[in-house]
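**Q** 3D, please:
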Amino acid sequence: MKFFLPIILMLTLISCTSKDVKPKVDSTFIVEELPAHESWNSTIFFTDSGKTAAILYTGHLQVFNTRRETILKDGVKVEFFNSFEVKTTTLTSKRGRVDEKTNDLYAIDSVVAVNDSGIVVKTNELKWRDKDKKIVSDKFVTIESPDEHIEGYGFESDQHLRNYIIYNITYITRAKKE
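**A** Got it, this is the predicted structure:
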């Protein structure tokens, strides 16, 4: 037993080295491409002079400070309110993004906007411009209302879908009055 203790001690000292072990670092990793923060099942209120102007709901939100943009995933829903805080329009899409420089919202993929008077706008992509509170698209758009069905390319409207224009109409039909 006396001989084993010095041998074990010698083996322990020999096996230890002064060489530091450094972890391997992935040099392809780019920190700027990571979101500054993320949120799931988010609800964001937008106010103007203390009144609710809009409410945004999204399944997954990612904020990128370097790019100054917010990515919206897993479903997007925006409810717009008038100056009396009455909901006038609901916009939905599968995903979207917010340009933090302009505060413009881009709704992307299966976009549907419905107002309280029964007007339904469908398209693949549209933008809500913060500076003039307008909804615009240069994509193919269909508009259903109680009075007509319109299809075309290029669209502009106020955020309540009260006054709208389709720039290149490809189809229009009037609803039958009973």
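
**Q** show me which positions of stretch 95-108 end up buried.
**A** 95-98, 105-108 (16 or more other Cβ atoms under 10 Å). C-beta coordinates here come from the backbone N, C-alpha and C atoms, glycine included.

**Q** strand partners of the helix or strand hosting residue 106, parallel vs antiparallel please.
**A** Following DSSP states H and E, one finds residue 106 within strand 104-115. In the sheet, strand 104-115 lines up against strand 87-93 (antiparallel), strand 95-99 (antiparallel), strand 120-129 (antiparallel) (DSSP bridges).

**Q** got any ranges where this structure has weak pLDDT?
**A** 1-20, 29, 31-32, 176-178 (pLDDT under 70).

**Q** how about the helices in this protein?
**A** 4-15 (DSSP state H).

**Q** now stretch 115-132: how far from the chain's centre is it?
**A** In this view, stretch 115-132 has its centroid 15 Å away from the chain centroid, taken as Cα atoms, centre = their mean, to the nearest Å.

**Q** the chain should start at 41 in everything you say after this.
**A** Okay, residue one is now 41; in that scheme the one you just asked about reads as stretch 155-172.

**Q** next, the buried residues of that stretch.
**A** Buried residues in stretch 155-172 (16+ other Cβ under 10 Å): 155, 159, 161-163, 165-168.

**Q** list of residues touching stretch 134-150?
**A** By Cβ atoms under 8 Å, 6 or more residues apart in numbering, the residues outside stretch 134-150 that reach it are 96, 98, 108-116, 118, 131-133, 164-171.

**Q** please name the residues that touch residue 164.
**A** Residue 164 sits next to 148-151, 179-180 when contact means Cβ under 8 Å, 6+ apart.

**Q** just residue 175 next, same as before
**A** 131, 153, 161, 166-169, 195-199, 201.

**Q** mind listing the residues bridging to the residue minimising distance to the centre of the chain?
**A** The centre of the chain sits closest to residue 112, judged by Cα atoms, centre = their mean, with a distance of 2.5 Å. Beta-bridge pairing of residue 112 under DSSP bridges involves residue 101, residue 136.

**Q** ok, it to residue 207 distance?
**A** 27 Å (Cβ to Cβ, to the nearest Å).

**Q** sorry, back to before: with respect to residue 91, which of the buried residues of stretch 155-172 is nearest?
**A** Checking those against residue 91 with Cβ to Cβ, the nearest one is residue 168 at 17.8 Å.
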